[in-house]
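Asker: test case, fold it:
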Amino acid sequence: MSETLVIIPTYNEKENIEDIIRYVLNMNAGFDILIVDDNSPDGTAAIVMKLQKDFPNQLNLLQRKTKEGLGKAYISGFQWALNKAYQYIFEMDADFSHPPADLIKMLKILKTDEADVVVGSRYLQGRIGVANWDLKRILLSYSASLYVRLITQIPVKDTTAGFVGYKRKVLETINLNNIEFVGYAFQIEMKYKAWKKGFRIKEIPIIFTDREKGKSKMHGSIISEAAWGVLKLKFKSLFGKL
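Answerer: Below you'll find the predicted structure:
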């Protein structure tokens, strides 16, 4: 078993799952993978189980009974990882929107103690690192991160980013059972709580590429949760209830 785990949540990702697994594990960079599948009806989990024969010591599968959202899937994955000996734990999408080759650079930052949390950021140094997005989606995403910074004062440019690496001690310190949100707000909540607890967060620039296969999981309720969730986090922080 490696000391580094990449958690990939899935729901109906049969078009992408084999390619992303083979890409990460064939980098031979010391990563293990945990697929957290929310009972995908398209057979995603069956593909993973078949691939476990090729990667018996590196590829793991956690099957959940119902689809409860991204946040719940990641929390299950974090808890699974903390029950093992993993020291560095990453979040990454299955659809290649996050460039898996950048995992190596992000891991180095954690291992050399430059930061406790590393974020693959779309918005650094005045650049917008996205591909295949229309203007409306770019404006929505960028405005959301700006809104979060204005409300919370967190020094992170891409607060909704889902390409993130944590040192074990960060996940041990945050009470995972008290994480409330499931969509964009989950990503914000994790970063905000890590920052408020004094952990160092470093961003690196990435190019986020919109999925080419499968269907997006984005919907209006996720955006609404993020907007209200930020205000709730700030309110709790002011009264010492984080």
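
Asker: show me the shaky parts of this structure.
Answerer: 214-227 (pLDDT under 70).

Asker: can you pull out the helices in it?
Answerer: Remark: helices assigned in the chain by DSSP state H are 17-26, 44-51, 70-82, 102-111, 135-152, 168-173, 184-196, 220-238.

Asker: with mean neighbour count added, can I get those helices in TSV?
Answerer: The way it works is simple: take the backbone N, C-alpha and C, and place the C-beta from them, glycine included. Shown next, in TSV, are the helices of the chain (neighbours: other Cβ atoms under 10 Å):
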stretch	mean neighbour count
helix 17-26	18
helix 44-51	19
helix 70-82	21
helix 102-111	18
helix 135-152	15
helix 168-173	16
helix 184-196	24
helix 220-238	15
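
Asker: how about the ones you listed in TSV, adding distance to Glu91?
Answerer: Shown next, in TSV, are these (distance: least, Cβ to Cβ, whole Å):
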stretch	distance to Glu91
helix 17-26	13
helix 44-51	17
helix 70-82	6
helix 102-111	11
helix 135-152	17
helix 168-173	11
helix 184-196	8
helix 220-238	16
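
Asker: check the gap between the closest residue to Arg168 other than its chain neighbours and Val164 for me.
Answerer: The shortest distance from Arg168 to any residue other than its chain neighbours is 4.9 Å, reached at Gln87 (Cβ to Cβ, 6 or more residues apart in numbering). Using Cβ to Cβ, to the nearest Å, Gln87 is found at 15 Å from Val164.

Asker: out of these two, which sits in the busier spot?
Answerer: Higher neighbour count among Gln87 and Val164: Val164, with 25 against 16, using other Cβ atoms under 10 Å.

Asker: so that one bridges to which residues?
Answerer: Glu91, Val119 (DSSP bridges).

Asker: restrict stretch 167-176 to CA atoms and write it as PDB.
Answerer: C-alpha atoms of stretch 167-176 as PDB (Å, rounded to 0.1, in the frame of the first residue of the first chain):
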ATOM      1  CA  LYS A 167      -2.100  16.100   4.500                       C
ATOM      2  CA  ARG A 168      -3.600  13.500   6.800                       C
ATOM      3  CA  LYS A 169      -3.500  15.800   9.800                       C
ATOM      4  CA  VAL A 170      -5.900  18.200   8.100                       C
ATOM      5  CA  LEU A 171      -8.600  15.600   7.700                       C
ATOM      6  CA  GLU A 172      -8.000  14.300  11.200                       C
ATOM      7  CA  THR A 173      -8.400  17.800  12.600                       C
ATOM      8  CA  ILE A 174     -11.600  18.800  10.700                       C
ATOM      9  CA  ASN A 175     -14.700  17.100  12.200                       C
ATOM     10  CA  LEU A 176     -15.800  15.300   9.000                       C
END
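
Asker: check contacts around Leu242.
Answerer: Lys193, Lys196, Leu233, Lys236 (Cβ atoms under 8 Å, 6 or more residues apart in numbering).

Asker: could you redo the last one with a cut-off of 10 Å?
Answerer: Ile174, Asn175, Asn178, Glu189, Tyr192, Lys193, Lys196, Lys197, Leu233, Lys234, Lys236 (Cβ atoms under 10 Å, 6 or more residues apart in numbering).

Asker: against Ile47, how distant is it?
Answerer: Applying Cβ to Cβ to Leu242 and Ile47 gives a distance of 39 Å.

Asker: on that earlier part again, please look at the residue nearest to Arg168 and Lys169 and confirm they touch.
Answerer: Yes: assessed by Cβ atoms under 10 Å, Gln87 is found in contact with Lys169 at 8.9 Å.
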